[in-house]
Structure formats: C-alpha cells, structure tokens
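Visitor: no sequence on this one, just coordinates:
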C-alpha cells in the first residue's frame, strides 16, 4: 500500500470510468469515448491485444480464464456454453471446459463495477481452499496415532517411536489426506527424518 | 404483478438491444482486422449499410485448377453471431465437390464444428483452402467429386460452369 498516487487516485478514476461505460451502454451508442478514457488511465492494453475476450474481441469484462488458459468475458463464455450444452469445449482450442472450472480474474478496482448481468448467474467464485491446519507434530505423542505398536526390550516401551512411524501414511487425526498440498511433501520429509532418528536410537540402545 | 412483468419486458428489450449492439461491435472489429490485414487472397466488406450482410471475395488458390479465378460470396450474420455460424454462400457459380448449384457450401466449421472464435477472415481462408482440397467423401456435387481425379477435365468444367452462369445472368 503506497500512500501517494496510485491507491488514492484509483478509486475515483475507475468509478468515473464505470460511469462513462454505463452511460454509453444506456444510450446504445458505440462507446466512442471509451478507448480515450481508458487510454488516459493507462489501464488498457488494447494495443498489444493480450487481454481481449476471444469471443467479443473487446477488452475482457468480468474476465474468466479457462484451464487451457484462454481469456473470455464471463457473459460471452456463459452464452457460448449455453448454446451447446452437449459439447462444452473451449472455443479456441476445443479442450473440455465447464462453468465450474473457469477461474475469475480480479483486477484492481474491479469490485466497484456494477454487475450488468441480471439474467446470468454470476461468474463462479474464486476458490479459497482451507489451509492445511495439521502440522507435522500433530500426530506426535503417545496414544495419538490410531495404530500403536509397543514392543520393548526389557520393560522399555517403544510407543514413542511407534507413533512417529504413523506420521507419513496414517493420518488418523480426523482429516482426509489431501494431495497436491505442499505441506504434504514437507510432512513426508519430516517423517523420514524421524524414522532415521528412531532407527539410530534403537541401534544405539541395542549396542549399549 | 404487472409492474414486474413490465420490468422484465424492459429488461428483455434491453438485452436484445445490447446483443445487437455487441454483434455489430464485433463485426466492426472484424472489418477493421480484415482491412488492416491487407490480404490480397481474401477480402470482405459489408453490403451497403447493413453490417449483418457482407460480400466476400476469395481468390482461387495458386497451384490449383482455380488459380487466377476469383469468387464472390455472400455472408449473412445471425443476430446471435458469433454464437451461431453465419450463412455463407457462393455468389459466383462454383464447380466444386462441396458446393451445390445454389452456392451452398458443405464445410464442417460452418456447421457442427462452428466455434465463436472463427472470424470472417478465418472462414474465408478456410473456404479458399477447401477449393484446393475438396472432401470428396461427402459431395454435394457428385459430378465434380467424380471428375476431381481428372484434373485437366475438372479445370475445363470449372471454366465452363463459370462461363455458363455468366451467360445466364446477362
């Protein structure tokens, strides 16, 4: 957050822009002033054309991007998918596509745009996966793991090590295993470290 | 109750008007692209004031029997373009396996394989390449499909067909 130019001027500027846009669409006239206004704010990239909707060929409004990486206005893509409910493919590359697996793009100042699509469902919400909240030490401790092995030489209980073995594979803490979470890799690494510590400790005990 | 119906009607009208506006906006964009591209092989321009009706020109591809010829086509855009394909027909009589006597074209990308990202330019380029590479398995003109393997004869028929239709029209 910079206190000077950008954030302070962003709000009123984009509000003005939205107002101009609304006025133009209300009159039903070609939005002749729009490129000018956008050019003045420097928010457009119409010259290089990288952010144009593939369907209406205009700068993407309420932009969504497909899993194959193609950019559309949500109203345009929605209408395309509506026209062919049986064969839902990306108009650009024919990859499989559906309403649920497109990702909305939120630019700065996009929240104050009034939604013009009363009849269309809003574009899908951005996914916000819950953070993985059981750390590597969650299963640490006697009696926490569901599978506890206790064997000993003499009277020494090895429950401590048994539970460390459980970390890698058996997540019995009430959470289903979630793949593709970076924490998973970290957990596995830690479990390997503990395994080796345990093996070395046992070896030392046997030698002693 | 009446009030809600009225607002609904109003909304529908608004959407319709907005649709027409966005369609003509897209067509204007395409016109600009096609004019800026400066391609001499294909060209297109609205037929009069109506932006929903265009006249296109396709040159016969080099190295084919159509070389040196130029074909005119009509393009009609539906109100829900680009979600539906435009109707493209040959205006100039065309002797081709996939074109019938009325100028209708059998091309998958204009029918079931239509995609909203197709543009006037890409369609005309596709039609141009169809001239040189017909699909003889599903012909609209069986005589043309049968003659295709005999290229000198085919060329003769192409020119005959063109001349005949010109004579008829005058």
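Guide: Received it, and whenever you're ready, just let me know what you need. From a predicted model like this one, the values you see are computed outputs, not experimental measurements. Numbers count the residues shown, from 1 in each chain, chains lettered A, B, ... in the order given.
Visitor: low-scoring stretches of the chain, by residue?
Guide: Using chain A. Scanning chain A with the threshold set as pLDDT under 70 gives A:1-49, A:110-124, A:133-183.
Visitor: actually chain B
Guide: Along chain B, the model assigns pLDDT under 70 to residues B:1-19.
Visitor: and the residue nearest the centre of it, bridged to which residues?
Guide: Nearest to the mean C-alpha position of chain B, by C-alpha atoms, centre = their mean, lies residue B:88 at 3.1 Å. In this structure, residue B:88 bridges to residue B:75 when assessed by DSSP bridges.
Visitor: so how far is residue A:82 from it?
Guide: Per C-beta to C-beta, to the nearest Å, residue B:88 is found 24 Å from residue A:82. For every residue, glycine as well, the C-beta is placed using N, CA and C.
Visitor: before we move on, what about residue A:184?
Guide: As defined by C-beta to C-beta, residue A:184 lies at a distance of 39 Å from residue A:82.
Visitor: please identify which of those two sits among more neighbours.
Guide: Neighbour tally, residue A:184 and residue A:82, criterion other C-beta atoms under 10 Å in any protein chain shown: the higher count belongs to residue A:184, 15 against 12.
Visitor: what's the single longest helix in chain A?
Guide: Counting residues, the longest helix in chain A under DSSP state H turns out to be helix A:182-207.
Visitor: packing partners for that helix?
Guide: Applying 3 or more C-beta pairs under 8 Å, 6 or more residues apart in numbering or on different chains; DSSP states H and E, one finds that helix A:182-207 contacts helix A:159-169.
Visitor: could you pull up phi and psi at residue B:57?
Guide: phi -130, psi 130 (degrees, to the nearest 10).
Visitor: SS state for the residue lying closest to it once chain neighbours are set aside?
Guide: Distance criterion C-beta to C-beta, 6 or more residues apart in numbering or on different chains; nearest residue to residue B:57, sequence neighbours excluded, is residue B:43 at 4.9 Å. Secondary structure state of residue B:43, per DSSP: H, G, I helix; E, B strand; the rest coil, is strand.
Visitor: buried set for the longest helix of chain A?
Guide: Residues of helix A:182-207 classed as buried: A:187, A:190, A:191, A:194, A:198 (neighbour count, 16 or more other C-beta atoms under 10 Å in any protein chain shown).
Visitor: my guess is residue B:119 contacts residue B:37. True?
Guide: No - taking contacts as C-beta atoms under 8 Å, residue B:119 lies outside contact range of residue B:37: 10.4 Å.
Visitor: who has more neighbours out of these two?
Guide: Using other C-beta under 10 Å, the more surrounded residue of residue B:119 and residue B:37 is residue B:119, with 17 against 12.
Visitor: for the nearest residue to that one once chain neighbours are set aside, give its distance to residue B:23.
Guide: The shortest distance from residue B:119 to any non-neighbouring residue, by C-beta to C-beta, 6+ apart, is to residue B:30 (5.3 Å). Applying C-beta to C-beta, the value for residue B:30 to residue B:23 is 11 Å.
Visitor: and if you look at residue B:80?
Guide: Per C-beta to C-beta, residue B:80 is found 8 Å from residue B:23.
Visitor: need the strands for chain B, in chain order.
Guide: Ranges of strands in chain B, per DSSP state E, are B:42-46, B:53-59, B:70-76, B:87-90.
Visitor: which of these is buried the deepest?
Guide: Most buried of the strands of chain B, by mean neighbour count (mean count of other C-beta atoms under 10 Å in any protein chain shown): strand B:53-59, with a mean of 20.
Visitor: within the sheet, what are the partner strands of it, with directions?
Guide: Sheet pairing for strand B:53-59, assigned by DSSP bridges, gives strand B:42-46 (antiparallel), strand B:70-76 (antiparallel).
Visitor: so for residue B:128, which of these sits nearest?
Guide: Checking the strands paired with strand B:53-59 against residue B:128 by C-beta to C-beta gives strand B:42-46 as the closest, at 6.0 Å.
Visitor: pull the residues that contact the closest one.
Guide: Residues from elsewhere that reach strand B:42-46 (C-beta atoms under 8 Å, 6 or more residues apart in numbering or on different chains): B:27, B:31, B:34, B:53-59, B:75, B:120-121, B:124-125, B:128.
Visitor: run the chain-centre distance for it.
Guide: What separates the centre of strand B:42-46 from the centre of its chain is 10 Å, taken as C-alpha atoms, centre = their mean, to the nearest Å.
Visitor: then stretch B:34-52?
Guide: Put simply, stretch B:34-52 sits 12 Å off its chain's centre (C-alpha atoms, centre = their mean).
Visitor: distance across it, terminal residue to terminal residue?
Guide: End-to-end distance of stretch B:34-52: 16 Å, with C-alpha to C-alpha, to the nearest Å as the criterion.
Visitor: got the phi/psi numbers for residue A:65?
Guide: The phi/psi pair for residue A:65 (degrees, to the nearest 10) reads phi -130, psi 140.
Visitor: OK, contacts around the closest residue to residue B:115 other than its chain neighbours?
Guide: Once flanking residues are discounted, residue B:115 sits nearest to residue A:91: 4.4 Å by C-beta to C-beta, 6+ apart. Taking C-beta under 8 Å, 6+ apart as the contact definition, residue A:91 lies against A:54, A:55, A:70, A:72, A:80, B:115, B:116, B:117.
Visitor: which two among the residues you listed are spaced furthest apart?
Guide: Greatest spacing in the contacts of residue A:91, by C-beta to C-beta: A:72 and B:115 (12.3 Å).
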